[in-house]
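>>> Sequence plus predicted model, see below.
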Amino acid sequence: MNAQPINVSADDARKIAAGDKINLRRINVGRMQTIVPGMLLWVREPFYLPERFDGRAPLQASSADPRLDVRFVAHWTNRPTGYGAARAGRTLPKLFSRLVLRVALVEEQRLQDIDDAGARREGFGNRALFAKDWDRAQRNGFAKSGITAWRNNPSVTVLTFTAEHANIVASAEDATAARSHAAA
């Protein structure tokens, strides 16, 4: 089973990295319908590249310097000196990933079924704070229409996961080496 990318905001990446977020809720369409327990998801999050790579695609930067010092917006809310503008997480190459999610449980529910405990697993203090942030995220482009608004109570996929501070490319290489060693 190949690892799949999952886009997250800088705030969600910060919460995942800190261990404060163990659930993700997403509209139940497309790729979300193919996620199953045991699957690995590599996190694509907003990031900065050194200014020398301004105007170049992140894949070109990774080819030019595989050990490039990438900075993540989750931990650098102000652009670091010597770095270009923040890049969208969807453009983060696998080589620069730093978080891998191991899916433990996949459930479907209506968005408003979340309770305070579920909101805390999402990294929020309570259901009301989660609802407010959900609508803020929808307005900021995570959805193209109002049908995903809190008030419309859309169907969502709830992913429960454990997070690993690891690069997905290195994780895959380690897993391949372990299988080879076990087979020998």
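Sure thing, it's come through.
>>> Pull the residues that contact stretch 114-123.
Residues from elsewhere that reach stretch 114-123 (Cβ atoms under 8 Å, 6 or more residues apart in numbering): 12, 15, 20-25, 125-127, 129-130, 158, 160. Glycine gets a C-beta too; all of them are placed from N, C-alpha and C.
>>> redo that, cut-off 7 Å
Residues outside stretch 114-123 that contact it (Cβ atoms under 7 Å, 6 or more residues apart in numbering): Lys15, Asp20, Lys21, Ile22, Asn23, Arg25, Asn126, Arg127, Leu129, Phe130.
>>> quick one: the first one from Leu24, how far?
Going back to what we said before, that points to Lys15. Applying Cβ to Cβ, to the nearest Å, the value for Lys15 to Leu24 is 10 Å.
>>> okay, Met1: pLDDT?
Looking at Met1, its pLDDT stands at 56.
>>> Also Gly146?
pLDDT recorded at Gly146 is 70.
>>> mind checking the end-to-end distance for stretch 27-34?
One end of stretch 27-34 sits 13 Å from the other (Cα to Cα, to the nearest Å).
>>> Name the nearest residue to Ala131, ignoring sequence neighbours.
Of all residues not flanking Ala131 in the chain, Trp150 sits nearest, at 4.8 Å (Cβ to Cβ, 6 or more residues apart in numbering).
>>> Same check on Pro46?
Counting by Cβ to Cβ, 6+ apart, Val73 is the residue found nearest to Pro46 once chain neighbours are left out, at 3.9 Å.
>>> Spit out the contact partners of that neighbour.
Val73 sits next to Ala10, Pro46, Phe47, Tyr48, Ala86 when contact means Cβ under 7 Å, 6+ apart.
>>> again, only using 8 Å
Val73 makes contacts with Ala10, Ala13, Glu45, Pro46, Phe47, Tyr48, Ala86, as judged by Cβ under 8 Å, 6+ apart.
>>> Let's see if you can find the most crowded of these.
Compared across these, Glu45 has the highest neighbour count, 27 neighbours, by other Cβ atoms under 10 Å.
>>> Which stretches in this structure count as helices?
Along the chain, the segments classed as helices by DSSP state H run 10-18, 58-64, 116-121, 127-137, 168-183.
>>> Using JSON lines, please lay out these together with mean pLDDT.
Below are the helices of the chain laid out as JSON lines (pLDDT from 0 to 100):
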{"stretch": "helix 10-18", "mean pLDDT": "97"}
{"stretch": "helix 58-64", "mean pLDDT": "87"}
{"stretch": "helix 116-121", "mean pLDDT": "98"}
{"stretch": "helix 127-137", "mean pLDDT": "94"}
{"stretch": "helix 168-183", "mean pLDDT": "58"}
